[in-house]
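Enquirer: Here is a sequence with its predicted model. Questions after.
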Amino acid sequence: MKKRIYYWVYEKYIDKPVISKVILETKVMINILMAKMRPQESFLILELSGSEKQIEEALDLLEKYGEYEDIPKIIEKNRERCIDCGACVVHCPVKAIYQDEDYSIVFKEEECIGCKNCAKICPLKAIKVFDI
Amino acid sequence: MKTIREINERIKKGDAVVLTAEEMIEVVEEMGPEGAAKEVDVVTTGTFGAMCSSGVFLNFGHADPPIKMMKTYLNGVEAYSGLAAVDAYLGAAQPNSDDDIDINYGGAHVIEDLVAGKEVRLVAEGYTTDCYPRKKVSTTITLDDVNQAILVNPRNCYQTYAAATNSREEKIYTYMGTLLPEYSNINYSGAGQLNPLQNDYNRERKTFNTIGIGTKIFLGGGIGYVIGEGTQHDPDKAFGTLMVKGDLKTMSPKFLRAATIPNYGCTLYIGIGIPIPVLNEEVAKACAVRDEDIEVPILDYGVPRRDRPVVARTNYKELRKGEVTIEIYDSDLGRVVEKTVKTASVSSYKKSREVAEELKKWILNGEFTLSEPVAPLGRGSCKPMKAEAKLVRDILSRPPIVAKQNISIEEAARILTEKNINHLPIVDEEGRLIGIVTSWDIARAVAQNINSISEIMTRHVISSTLDEPIDVVARKMSRYDISGVPVIDKSGKVVGIVTAEDLSKLLGYRKF
Ligand code: SF4
Ligand code: SF4
């Protein structure tokens, strides 16, 4: 599974390799989607992937060195506007959009990286992308 | 075997057997066309796709004092009003008159807003007469305020449509959607086995079994009628189209939707469902058409000509699986290679199903009976326009002025000023194009103290060929914001250059 979080490192740990430690100890994969490092502040957007247990462990560990918050949604499909055509599917770089058996178009919102490709090509303007 | 009147009686009594075109496939497979014709009364079909050739006739009623409307705008979108005083036709593909809004809110969007019950700004101007003294009118209206809002679509409900891919090295934006470079996606459109005309097509006679002028249909969530064959109707090639009409006031945004195809235009998605009375075996047989029976050519939209090359042939079943394997020529390898390409639909199969289901429900409830057509559809015609294409070879006059890479910046500058030109193609020993230098590059070289042509020339040159239409060259210039395009022959030798000046004289384009 995948999980995305906002993460603020506590000031006293800013100079420590927190992320590497979490990776080494839990073997979780971490993709840093955004990082803002300042002398007094360190803020990251992380995508964790691994088993449910690994992710739980990783979050426990991360909590020791900072605070995290679940990322709300990056994109939102307007159900009323979407006509389930499927034109957006191929434009998603991370396969977060797929066509279901009944031809509905489904967004795996937790896998979206917010690239906005789908929003740009959707003829119905059915996709809203929240800026992160 | 059966008549429409008999079927209608059964509908009214609630005894009619109604199936969707998808359900009918299995029934014909099990019982054969003969058995199915006995068992089933009506097959409902459906399609939901972009139908640019759509629009609405509006009658606004008379103002006091009255006006003869000549220029009419609804939320900034122009409607054609070269008709009687307060009649207008608003086309779905009309962009906004405000260039900043353009295709993001056009005719289709006004139509959807009207159907959704929203207020729309009406602004009109006319010339004054003794009976129409008013010059201008500006007011706000809703669908309830107009006398008539009649959707009349000259071409809807295509029987089938070719799929699209792109051989070019760049992304292109077409009415078939965004096509990625080098055959990276295939876009297709069409309801296939659910499409009304597919299910009514008589493959032996190349005509339509039951659909004719006067056939009552489901149109945009309301009731409509077929008023004849559509424009470009071509039953001989299994490319039938329909002209339809319906009362916009009965339609719903669920089945009528405005859209903007990125960098192309605005269009209207409409749901159309047609009931097919299963009068006999022949009709039943046609209704058993499956996605795999309908051939779909895949065309290369990278070639901007009317006759686009066919890259491969497939069918709707394969297209709906999400990927298709095609054979393409790889110029780097110098041979044909297989490539598996992702497919995407630009129409909606799910919505097409909803249309067929909805129509089935109406018939089962006894709310919708079938109509007897008054005449068959016409034979139609779909021939090309009688317009000559002016090709690059027709406008090239002077021999090309070119230079080798080893000349100095000063020499290049001298050639440009002496010959009074702005573009200097750079060629190799054999005269093949390797780069281009413009007067702007020379100015830059002088300012930055650069001494060699190879440092300032553009290597990735946008070029043209002798057989390319000049409109295509003009499009390249505007797309890449350049003002000169060298023309090369098959071996890459420069044979001339086309400049923005040449074209603006010929085509009357204002800017590139
Ligand atoms: S392109 Fe837009 S309308 Fe089509 S399936 Fe995707 S979100 Fe829905
Ligand atoms: S925003 Fe990008 S990553 Fe997210 S669903 Fe759309 S195409 Fe995929």
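Expert: Now that the structure is in, tell me what you want to look at. Ligands and ions are numbered 1, 2, ... in the order given.

Enquirer: Please make it C-alpha for all contacts and neighbour counts, starting now.
Expert: Noted.

Enquirer: Show me the shaky parts of chain B.
Expert: Within chain B, the ranges that satisfy pLDDT under 70 run B:508-512.

Enquirer: How is it divided into domains?
Expert: For chain B, automatic domain parsing gives the domain ranges B:4-51+B:153-376, B:61-146, B:392-506.

Enquirer: Could you say which of those is packed most deeply?
Expert: Neighbour counts (mean count of other C-alpha atoms under 10 Å in any protein chain shown) averaged over each of these peak at domain B:4-51+B:153-376, with a mean of 21.

Enquirer: So is that one next to chain A?
Expert: Yes - Domain B:4-51+B:153-376 is in contact with chain A by C-alpha under 8 Å from any C-alpha of the partner chain, via B:177-178, B:185, B:187, B:257-262, B:342-351.

Enquirer: any idea how far that domain is from the chain center?
Expert: Put simply, domain B:4-51+B:153-376 sits 15 Å off its chain's centre (C-alpha atoms, centre = their mean, to the nearest Å).

Enquirer: do the same with stretch A:59-69
Expert: 16 Å.

Enquirer: one step back: to A:Glu63, which of the domains of chain B lies closest?
Expert: Of all these, domain B:4-51+B:153-376 sits nearest to A:Glu63, with 41.9 Å by C-alpha to C-alpha.

Enquirer: OK, contacts around residue 14?
Expert: Reading this off chain A. Neighbour list for A:Ile14: A:39-42 [criterion: C-alpha atoms under 8 Å, 6 or more residues apart in numbering or on different chains].

Enquirer: Sorry, I should have been clearer: chain B.
Expert: B:Gly14 makes contact with B:364-366, according to C-alpha under 8 Å, 6+ apart.

Enquirer: Ok, A:Gln54 next?
Expert: Counting by C-alpha under 8 Å, 6+ apart, A:Gln54 has contacts A:26-28.

Enquirer: separation between the residue sitting furthest away from the middle of chain A and B:Asp234?
Expert: Relative to the centre of chain A, and counting by C-alpha atoms, centre = their mean, the farthest-placed residue is A:Asp102 at 26.9 Å. Computed with C-alpha to C-alpha, to the nearest Å, the distance linking A:Asp102 and B:Asp234 is 32 Å.

Enquirer: Then A:Ile113?
Expert: 46 Å.

Enquirer: and if you look at A:Gly114?
Expert: From A:Gly114 to B:Asp234 the distance is 45 Å (C-alpha to C-alpha).

Enquirer: likewise B:Thr210?
Expert: With C-alpha to C-alpha as the criterion, B:Thr210 and B:Asp234 are 17 Å apart.

Enquirer: follow-up on the earlier one: with the contacts of A:Ile14 in mind, which one is nearest to chain B?
Expert: Set against chain B, the nearest of the contacts of A:Ile14 by C-alpha to the nearest C-alpha is A:Ser42 (38.4 Å).

Enquirer: Now for that closest one, how many residues are close by?
Expert: Per other C-alpha atoms under 10 Å in any protein chain shown, the neighbour tally for A:Ser42 reads 18.

Enquirer: Repeat that for the one 3 residues further on.
Expert: Applying other C-alpha under 10 Å, we find 21 other residues in the vicinity of A:Ile45.

Enquirer: And the lengthiest helix in chain B, what does it pack against?
Expert: Scanning chain B for the helix with the most residues, using DSSP state H, yields helix B:21-39. Contacts defined by 3 or more C-alpha pairs under 8 Å, 6 or more residues apart in numbering or on different chains; DSSP states H and E place helix B:21-39 against strand B:42-44, helix B:281-286.

Enquirer: how far is stretch A:34-50 from where the chain is centred?
Expert: Centroid displacement of stretch A:34-50 relative to its chain, using C-alpha atoms, centre = their mean, is 12 Å.

Enquirer: What distance separates the opening and closing residues of it?
Expert: Start to finish, the residues bounding stretch A:34-50 are 19 Å apart (C-alpha to C-alpha).

Enquirer: Does ligand 2 have contacts with it?
Expert: No - using C-alpha under 6 Å from any ligand atom, stretch A:34-50 stays clear of ligand 2, coming no nearer than 12.9 Å.

Enquirer: Contacts for that stretch next, please.
Expert: A:1-11, A:14, A:27-33, A:55.

Enquirer: can you do 7 Å?
Expert: Around stretch A:34-50, the neighbours that count as contacts under C-alpha atoms under 7 Å, 6 or more residues apart in numbering or on different chains are A:1-9, A:11, A:14, A:28-33, A:55.

Enquirer: Among the residues you listed, name the buried ones.
Expert: A:3-9, A:14, A:28-30, A:55 (16 or more other C-alpha atoms under 10 Å in any protein chain shown).

Enquirer: got the buried residues for the longest helix seen in chain A?
Expert: Taking DSSP H as the criterion, chain A has its longest helix at helix A:52-65. Residues A:54-55, A:57-59, A:61-62, A:65 are the ones in helix A:52-65 that count as buried (16+ other C-alpha under 10 Å).

Enquirer: Could you give the bridge partners of the residue lying closest to B:His460 once chain neighbours are set aside?
Expert: Nearest residue to B:His460 in three dimensions, chain neighbours excluded: B:Gly435, at 6.9 Å (C-alpha to C-alpha, 6 or more residues apart in numbering or on different chains). For B:Gly435, the beta-bridge partners under DSSP bridges are B:Ile426.

Enquirer: shouldn't B:Gly435 be in contact with B:Thr458?
Expert: Yes - using C-alpha atoms under 7 Å, B:Gly435 is in contact with B:Thr458, at 5.3 Å.

Enquirer: Tell me who's in contact with the nearest residue to B:Val77 once chain neighbours are set aside.
Expert: Once flanking residues are discounted, B:Val77 sits nearest to B:Asn96: 4.5 Å by C-alpha to C-alpha, 6+ apart. Residues counted as contacts of B:Asn96 (C-alpha under 7 Å, 6+ apart) are B:76-77, B:102-103, B:105-106.

Enquirer: B:Asp441: what secondary structure?
Expert: Classification of B:Asp441 using DSSP: H, G, I helix; E, B strand; the rest coil returns helix.

Enquirer: What sits closest to the residue most central in space within chain B if chain neighbours are left out?
Expert: Centroid check for chain B by C-alpha atoms, centre = their mean gives B:Tyr175 as the closest residue, at 4.5 Å. In space, and not counting its chain neighbours, B:Tyr175 is closest to B:Tyr264: 6.1 Å by C-alpha to C-alpha, 6+ apart.

Enquirer: so where do the helices sit in the chain?
Expert: With no chain named, the answer covers chain A. A:18-26, A:52-65, A:117-121.

Enquirer: Let me rephrase: I mean chain B.
Expert: Counting by DSSP H, the helices of chain B are B:4-13, B:21-39, B:107-115, B:196-200, B:281-286, B:316-320, B:349-364, B:392-395, B:409-418, B:439-448, B:453-456, B:470-480, B:500-507.

Enquirer: Please produce CSV containing these, extended by distance to B:Asp144.
Expert: Converted to CSV, the helices of chain B look like this (distance: least, C-alpha to C-alpha, whole Å):
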stretch, distance to B:Asp144
helix B:4-13, 32
helix B:21-39, 36
helix B:107-115, 9
helix B:196-200, 31
helix B:281-286, 41
helix B:316-320, 41
helix B:349-364, 25
helix B:392-395, 54
helix B:409-418, 66
helix B:439-448, 60
helix B:453-456, 65
helix B:470-480, 44
helix B:500-507, 45
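
Enquirer: what's the closest of these to ligand 1?
Expert: Closest approach to ligand 1 among the helices of chain B (C-alpha to the nearest ligand atom): helix B:349-364, 10.1 Å.

Enquirer: now the closest one and helix B:21-39, what's the angle there?
Expert: Angle of helix B:349-364 versus helix B:21-39, following axes from the mean of the first three to the mean of the last three C-alpha atoms, to 10 degrees, is 30 degrees.

Enquirer: got the CA positions of helix B:349-364 in PDB?
Expert: Below are the C-alpha coordinates for helix B:349-364, written out as PDB (Å, rounded to 0.1, in the frame of the first residue of the first chain):
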ATOM      1  CA  TYR B 349     -19.600   3.400 -23.100                       C
ATOM      2  CA  LYS B 350     -21.000   3.600 -19.600                       C
ATOM      3  CA  LYS B 351     -23.200   6.500 -20.500                       C
ATOM      4  CA  SER B 352     -24.200   4.800 -23.800                       C
ATOM      5  CA  ARG B 353     -25.400   1.900 -21.600                       C
ATOM      6  CA  GLU B 354     -27.300   4.300 -19.400                       C
ATOM      7  CA  VAL B 355     -29.100   5.700 -22.400                       C
ATOM      8  CA  ALA B 356     -30.100   2.200 -23.700                       C
ATOM      9  CA  GLU B 357     -31.300   1.200 -20.200                       C
ATOM     10  CA  GLU B 358     -33.300   4.400 -19.700                       C
ATOM     11  CA  LEU B 359     -35.000   4.100 -23.000                       C
ATOM     12  CA  LYS B 360     -35.800   0.400 -22.200                       C
ATOM     13  CA  LYS B 361     -37.300   1.600 -18.900                       C
ATOM     14  CA  TRP B 362     -39.500   4.100 -20.700                       C
ATOM     15  CA  ILE B 363     -40.800   1.500 -23.100                       C
ATOM     16  CA  LEU B 364     -41.400  -1.100 -20.300                       C
END
